[in-house]
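Trainee: Predicted model and sequence below, questions to follow.
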Amino acid sequence: MLSLREAAQLCGRGKSTIQAAIKEGKLSAGRNERGGYQIDPSELHRFFPFSLSSDGTWDRANRTEADRGRASDSDDLGVSGSVLNASDGTGQNASEAELRVKYLEELLTAERAGRADVKQALQARVDDLQATVLDLRKRLDQAEEEKMRLLPSPDAGERKARTRPRGLWARLTGR
């Protein structure tokens, strides 16, 4: 496990950069008994790629300024050092620009696949909501029909309103 200072030296970043990544949840780290961060090297490598030296130890002190610049450029695109050293299949090393293009094409393909999934999910939700609206309209129509069936017809109320009660003289004389 690495301390915050060791992790910063290892990947060529500042302690505040690594601490910000931990606080944002992009990099996971535990705490030691004194409250300092304990960072797993593999977790650090996942977020801030770095390389091993030829003797198998972590390459901490031998990073040059050019390496730091190249690592930060590749981090912007998410390209790790192992991808930068890959060959293009002809036995020759691919240029950094070609690798970036390939990486960006892969990102674009993944993004399009993700959007297709989102589009399908939204369409399923729209279909579900349309079915719900149709069901609610059907229920409303049924409730309206039931209400009309239970209420007296409007014609009966009008007949009662038109017939005036007979007055006293009409009732006495039988008219």
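Mentor: Looks like it came in fine. Predicted model, so just to flag it, every value in this text is computed and none were measured.

Trainee: Tell me where the chain has strands.
Mentor: Using DSSP state E, the strands of the chain run over 30-31, 37-38.

Trainee: out of the ones you listed, nearest to residue 95?
Mentor: Counting by CB to CB, residue 95 lies closest to strand 37-38 out of the strands of the chain; the figure is 37.5 Å. For glycine as for every other residue, the C-beta is placed from the backbone atoms N, C-alpha and C.

Trainee: Which strands and helices lie in contact with the closest one?
Mentor: Judged by 3 or more CB pairs under 8 Å, 6 or more residues apart in numbering; DSSP states H and E, strand 37-38 is in contact with strand 30-31.

Trainee: So in that sheet, which strands flank the strand it packs on, and in what orientation?
Mentor: According to DSSP bridges, strand 30-31 forms sheet pairs with strand 37-38 (antiparallel).

Trainee: What lies in contact with the partner strand?
Mentor: 1-4, 7, 19, 22, 29-32 (CB atoms under 8 Å, 6 or more residues apart in numbering).

Trainee: re the thing from before, what's the most buried one of the strands of the chain?
Mentor: Mean neighbour count, computed with mean count of other CB atoms under 10 Å, is highest for strand 37-38 among the strands of the chain, reaching a mean of 17.

Trainee: which helix in this protein runs the most residues?
Mentor: Looking across the chain with DSSP state H, the single longest helix is helix 96-150.

Trainee: residues near residue 39, how many?
Mentor: The tally of other residues near residue 39 (other CB atoms under 10 Å) stands at 25.

Trainee: Report the beta-bridge partner residues of it.
Mentor: According to DSSP bridges, beta-bridge pairing links residue 39 with residue 2.

Trainee: Isn't it up against residue 18?
Mentor: Yes - if you go by CB atoms under 8 Å, residue 39 and residue 18 touch, sitting 7.4 Å apart.
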